[in-house]
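Asks: from the sequence below, what's the structure:
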Amino acid sequence: MKALQEQAERLTLSSRAFYNDKFPVFAEYLTSMFGYDMVLPMNTGAEAVETALKLARKWGYEKKKIPKDEAIIVSCCGCFHGRTLAVISMSCDNDATRGFWPLVPGHLKVDFGDVVGLEKIFKENGDRIAGFLFEPIQGEAGVIIPPDGYLKSVRDLCTKYNILMIDDEIQSGLARSGRMLACDWEQVRPDVVILGKALGGGVIPVSAVLADKDVMLCIQPGEHGSTFGGNPLASAVAIASLDVIRDERLAERSAQMGEDLRNQLNKIQQKYPRYIKEVRGRGLFNAVELNSKNLSPVSAYDICLKLKERGVLAKPTHDTIIRLTPPLSISLEELQEGSKALSDVLEHDVPKMLKEKPENISSTGSSICDRCGRNLYDSSHANL
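Replies: Numbers count the residues shown, from 1 in each chain. Down below sits the predicted model:
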């Protein structure tokens, strides 16, 4: 907030056509921190994803020599990268796509964590594939952790078939998973990294796309831009945010606090095995998956409302999953309070809701993907 206030009193916005004294400092800081040649600043996460998609297509045509209008982006089933038109064209969420057709062409899908399926798509279409866009931990899908070795295999396949490895770290990056980037869990270096959310410190929208010169310079001046991207105010806030993450060692703190949280949640699962199917996560990026058959008609949304009444804010996804992503500055005592609130909801509120809430039509049908016809979030699809 101090950085925001001081910069707001000095200069908030300048045209990207002119030099300002804050963006170069931010650009140097960010690129040196993550080891990339260049950064292209934007505002929201979705804008940064769109930027990465344009960059991949341009690289595909200029460097890989993909025939005109034939560039393909491969993405994962269950992905979430935003809600702009190009991004929802990769989505398996019917609520995001219905009513917004026609979707943007040039996309292929593969199951998250499926190395064999990914190589099959690369073999069949590799000469036209510009990039593989993925989340190293799928957030909206329910904090889905990939199988061990998956990220290394993705790196190897992208190198083998000359395809850009595009890592969306908007949710999982900047210490959230217990590493600066979630890809760091397997020590892989993507070709393109997308950052957002925490980059703005919860104060202002800031996002960024990182890449080396051989990729980034495929976009020339005038071919892409943003009025507010990289503005002095956002740059000052981002610098302060990165300072806090580094100086307070939030990645290490997230890793330790995440272990503590999952230990607490696993104890609750042992106490209520009929209600909780699985606890999973990395760092302070966690989820509790519920046993929908035993809880029906009570949903994750209903439980989140009860948690709110007990002072805890949590977000449901796909009816059966509660995501828990507390601030990286949270204390152990606050984690324990949150865990106790969940335990109290399961002990006191759920039995009442099971008796009082009328049976209604299951919403599972809405999870049947229009694209592939599968229910990606059904318990029988445990690997997605």
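Asks: ends of stretch 39-48, what's the gap?
Replies: Using Cα to Cα, to the nearest Å, the end-to-end distance of stretch 39-48 comes out at 11 Å.
Asks: could you list the residues in contact with that stretch?
Replies: The set of residues that contact stretch 39-48 without belonging to it, under Cβ atoms under 8 Å, 6 or more residues apart in numbering, is 23, 26-27, 30-31, 51, 55, 81-84, 87, 170, 194-197, 205-211, 216, 219, 224, 226, 228-230, 234-235. (Each C-beta comes from the backbone N, C-alpha and C, glycine too.)
Asks: all the helices of the stretch 51-200 of the chain, in order from the start?
Replies: Under the criterion DSSP state H, counting those that start in this stretch, the stretch 51-200 of the chain contains helices at 85-88, 94-97, 115-125, 150-160.
Asks: buried set for the first one?
Replies: Looking back up the chat, that one is helix 85-88. By 16 or more other Cβ atoms under 10 Å, the buried positions in helix 85-88 come out as Ala86, Val87, Ile88.
Asks: how about the third one?
Replies: Across helix 115-125, burial judged by 16+ other Cβ under 10 Å covers Val115, Leu118, Glu119, Ile121, Phe122.
Asks: the first one touches Arg155, doesn't it?
Replies: No. The criterion here is Cβ atoms under 8 Å, and Val115 misses it with Arg155 at 11.1 Å.
Asks: and for the closest residue to Phe80 other than its chain neighbours, the neighbour number?
Replies: Setting aside the residues directly before and after it, Phe80 is nearest to Glu140 in space (Cβ to Cβ, 6 or more residues apart in numbering), at 3.3 Å. Burial of Glu140 is recorded as 21 neighbouring residues (other Cβ atoms under 10 Å).
Asks: centre of the chain versus the helix or strand of the chain with the lowest mean pLDDT, how much separation?
Replies: Each helix and strand of the chain was given a mean pLDDT (mean pLDDT, DSSP states H and E); the minimum falls on helix 94-97 at a mean of 89. Distance of helix 94-97 from the chain centroid (Cα atoms, centre = their mean, to the nearest Å) equals 18 Å.
Asks: okay, it in CSV with CA atoms only?
Replies: What follows is helix 94-97, C-alpha atoms only, in CSV (Å, rounded to 0.1, in the frame of the first residue of the first chain):
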residue,chain,number,x,y,z
ASN,A,94,-20.3,-25.3,-20.5
ASP,A,95,-21.3,-22.2,-18.5
ALA,A,96,-18.3,-20.4,-20.0
THR,A,97,-19.0,-21.4,-23.6
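Asks: okay, buried residues for stretch 215-234 please.
Replies: Along stretch 215-234, these residues count as buried under the neighbour rule (16+ other Cβ under 10 Å): 215-216, 218-219, 224, 226, 228-234.
Asks: now do the end-to-end distance for that stretch.
Replies: Distance between the boundary residues of stretch 215-234 (Cα to Cα) amounts to 25 Å.
Asks: off-centre distance for that stretch?
Replies: On the basis of Cα atoms, centre = their mean, stretch 215-234 is displaced by 22 Å from the centre of the chain it belongs to.
Asks: name the residues that touch it?
Replies: 4, 7-8, 10-14, 16, 20-23, 26-27, 37-38, 40-43, 47, 51, 54-55, 58-59, 62-63, 164, 191-192, 200, 204-206, 209.
Asks: stretch 21-35 too?
Replies: With Cβ under 8 Å, 6+ apart, stretch 21-35 has contacts from 7, 11, 37-39, 41, 180-181, 189, 193, 195, 208, 210, 230-232, 235-236, 238-239, 242, 246.
Asks: which of the contacts of stretch 215-234 count as buried?
Replies: Looks like the contacts of stretch 215-234 have 4, 7, 16, 20, 22-23, 26-27, 40-43, 47, 51, 54-55, 58-59, 164, 191-192, 200, 204-206, 209 buried, using 16+ other Cβ under 10 Å.
Asks: what about those, which are in strands?
Replies: Leu40, Pro41, Met42, Leu164, Val192, Val209 (DSSP state E).
Asks: now those as JSON lines including distance to Ile330 and pLDDT?
Replies: Output for those, formatted as JSON lines (distance: Cβ to Cβ, whole Å; pLDDT from 0 to 100):
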{"residue": "Leu40", "distance to Ile330": "32", "pLDDT": "97"}
{"residue": "Pro41", "distance to Ile330": "29", "pLDDT": "97"}
{"residue": "Met42", "distance to Ile330": "28", "pLDDT": "97"}
{"residue": "Leu164", "distance to Ile330": "36", "pLDDT": "99"}
{"residue": "Val192", "distance to Ile330": "31", "pLDDT": "99"}
{"residue": "Val209", "distance to Ile330": "29", "pLDDT": "98"}
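Asks: thank you kindly, that will do.
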